[in-house]
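Student: task: produce atomic coordinates for the following.
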Amino acid sequence: MIQRALPDHDLSQAMLKAGEDTAASFDCVLGLTMTTDDFYCGQGRLDGALAPWYSADDRLAFLRKAQDLGVKNIEMEAACMLAFCRRAKVKAACLAVTLLDRLKGDQVTSTGEELRRFQGHAITVLGKFLKQELQGAFKD
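Tutor: Numbers count the residues shown, from 1 in each chain. Down below sits the predicted model:
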């Protein structure tokens, strides 16, 4: 059986609106998440323990193609979660924090404080989304 790994459109839009309504110092965008089978070669990284079978130019072409297709995030879990939720008839969407521009490099160079702030961005958006949903659920 093949399950499509698609987020719920309305849920994604509502989460985007919550992000835009935070009036915070970070951008919220709607885009595609690309799920891969590993952190290194599957994501076009050059910094793994094993040498990749592709060149730096191949890596850049791969990442540019993904960007051209609308990919904003690369990770390893979203497709499984979305497919499972779709099969269970549970609305689902992804909320991710992008730590670095992969076209510029593979290494996360953010400080611990910056990483905590980035994590806070996702929590802020999720909190705003939940507040909006709960307020809507209890309106007369």
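Student: and the contacts of stretch 83-94?
Tutor: With contact meaning Cβ atoms under 8 Å, 6 or more residues apart in numbering, stretch 83-94 is reached by 3-8, 10-12, 15, 33, 73, 78, 81-82. Heads up, the C-betas are built off the backbone N, CA and C, glycines and all.
Student: ends of that stretch, how far apart?
Tutor: From its first residue to its last, stretch 83-94 covers 12 Å (Cα to Cα, to the nearest Å).
Student: in it, which residues are buried?
Tutor: 83, 85-86, 92-94 (16 or more other Cβ atoms under 10 Å).
Student: could I get these as TSV with secondary structure?
Tutor: Putting those into TSV (DSSP: H, G, I helix; E, B strand; the rest coil) gives the following:
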residue	secondary structure
Ala83	helix
Cys85	helix
Arg86	helix
Ala92	coil
Ala93	coil
Cys94	coil
